[in-house]
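S.K.: dropping a prediction and its sequence here:
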Amino acid sequence: MFARISTIIAILFFAMLTAASVQVVPRTDPPDGCSVDDLYCCNDVVGDSDPMVGTIAGLLGIDLGLIEGTVGLNCSPIKTGPGSGSSCSSQTVCCTGNNFSGLIVIDCSPININL
């Protein structure tokens, strides 16, 4: 009886240990299809259902049907190359969708390019 209980406890322990040791590794390279012109530094990166997206889109007269996926809010382009002096203290993203004066940039993927 005790052997069965200790076996079950041991199996559960190792199963929980294995599940807890899974680690998510952030991307360190731009996603496929991300060019230098698609790099932005955004104050916020949110989903298309975030209320702030609807508010800003409404103020700018943007059709909400155009906005899908991850969205960058209050973004500025990142200049690259020698002497660019670029830095980003917020979220670095690659955005391949429409850019509405940096207030909303559509189809963004967070990246880490160590600026």
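M.R.: In hand now; what should we look at? Numbering: from 1, shown residues only.

S.K.: just the strands in this structure please.
M.R.: In order along the chain, the chain carries the following strands (DSSP state E): 39-47, 70-77, 91-95, 99-100, 104-106, 108-110.

S.K.: show me what Phe100 is bridged to.
M.R.: Here Phe100 sits in beta bridges with Ile104, as judged by DSSP bridges.

S.K.: that one and Gly72, how far apart?
M.R.: 10 Å (Cβ to Cβ, to the nearest Å). The way it works is simple: take the backbone N, C-alpha and C, and place the C-beta from them, glycine included.

S.K.: ok, back up a step: and the strands of the chain: which comes nearest Ile56?
M.R.: Checking those against Ile56 by Cβ to Cβ gives strand 104-106 as the closest, at 5.5 Å.

S.K.: for that closest one, give the mean pLDDT please.
M.R.: Looking at strand 104-106 alone, the average pLDDT works out to 92.

S.K.: what's it in contact with?
M.R.: Applying Cβ atoms under 8 Å, 6 or more residues apart in numbering, the set of residues contacting strand 104-106 from outside is 40, 42, 53, 56-57, 60, 62, 66-69, 71-73, 75, 93, 95, 97-99.

S.K.: before we move on, the earlier item: who has more neighbours, Phe100 and Gly72?
M.R.: More neighbours surround Gly72 than the other of Phe100 and Gly72, with 30 against 17 (other Cβ atoms under 10 Å).

S.K.: can you pull the contacts of the more buried one?
M.R.: Taking Cβ under 8 Å, 6+ apart, one finds 40, 42, 44-45, 91, 93, 95, 104-106, 108 in contact with Gly72.

S.K.: okay, and the beta partners of the residue lying closest to it once chain neighbours are set aside?
M.R.: Setting aside the residues directly before and after it, Gly72 is nearest to Cys42 in space (Cβ to Cβ, 6 or more residues apart in numbering), at 3.6 Å. Listed beta-bridge partners, Cys42: Cys75, Gln91 (assigned using DSSP bridges).
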